[in-house]
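> below is the sequence, then the predicted model.
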Amino acid sequence: MHMLPRASSRSRGMRVGDIVCARASRAPTWRPVFRNAASLGCGLRDTRLSKRMGSHGTTARDVRIVMDCLRHVVRTLRVSARAAEKRVGVSGAQLFVLQKLAEADALSVGELALRTATDQSSVSVVVRRLAGRKLVGCRPGKSDGRRVEVRLTDRGKRLLRRAPPATQVDLIAALSRLPRPTRRALAESLQALAAQIGSQAPPPMFFEDEASGKLDHARP
């Protein structure tokens, strides 16, 4: 029986596919580091065993790689979301929207959806919750009264000064750095996977449904 190579003590608990959670030196939070494909650790060492098992082994290996990588991505996002909840009392999705608003004087919901790579209906839910806590304000645009602009309030700006970084920013940057054919193949593959498991309605922003109940009345 061929034994699979053991991961080094450094790689165990550190290398998570192309995402490595490294403890920041000056902050009590976990900071994700996105690496290139050469550092993948999502089951890629099972190649020799899968070849001996034939097509069944190849299928099992592919499924293992996908599942491991999904676990790593979701875990990194969840750790970041919990850090935001603990430090400033907002969800990871709400922090992501606040940080995108900080990049501009004002943004429409459509522009926010584009910058957060989210459906407009999903980002609207987050904006309403932020407005309810007076972290953002909404008002008609100066040049076009039909355009509703979302802006950070002074309270929202104060919160951001002590907030940890949102992991979604790094994730979007990592996806943007992928070669275009690779990124397109990934998009098509994930679309096919979502269709197979019956996903149809626009999904909410990451973990927003989980956080909404306990954070809606929290004080930032």
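That came in fine, so what should we check first?

> what packs against the strand or helix carrying Arg128?
Taking DSSP states H and E as the criterion, Arg128 maps to helix 120-132. With contacts taken as 3 or more C-beta pairs under 8 Å, 6 or more residues apart in numbering; DSSP states H and E, helix 120-132 sits against helix 92-101, helix 109-115, strand 136-140, helix 208-215. C-beta here means a position set from N, CA and C on the backbone, and glycine is covered the same way.

> buried ones in that helix?
Residues of helix 120-132 classed as buried by neighbour count (16 or more other C-beta atoms under 10 Å): 122-127, 129-130.

> so which residues make contact with stretch 141-151?
Residues from elsewhere that reach stretch 141-151, judged by C-beta atoms under 8 Å, 6 or more residues apart in numbering: 101, 105-109, 112, 127, 131, 136-140.

> now do 6 Å
106-108, 127, 136-138 (C-beta atoms under 6 Å, 6 or more residues apart in numbering).

> between these, which sits nearest Pro203?
Nearest to Pro203 among the contacts of stretch 141-151, counting by C-beta to C-beta, is Val127 at 16.5 Å.

> pull the contacting residues for the closest one.
Per C-beta under 6 Å, 6+ apart, neighbours of Val127: Val150.

> change it to 10 Å
Contact analysis of Val127 by C-beta atoms under 10 Å, 6 or more residues apart in numbering lists 94, 97, 101, 107, 109, 112-113, 120, 135-136, 138, 148, 150.

> returning to that earlier point: ok, which of the helices and strands packed on helix 120-132 comes nearest Arg155?
That would be, of the helices and strands packed on helix 120-132 and by C-beta to C-beta, strand 136-140, which comes in at 9.1 Å.
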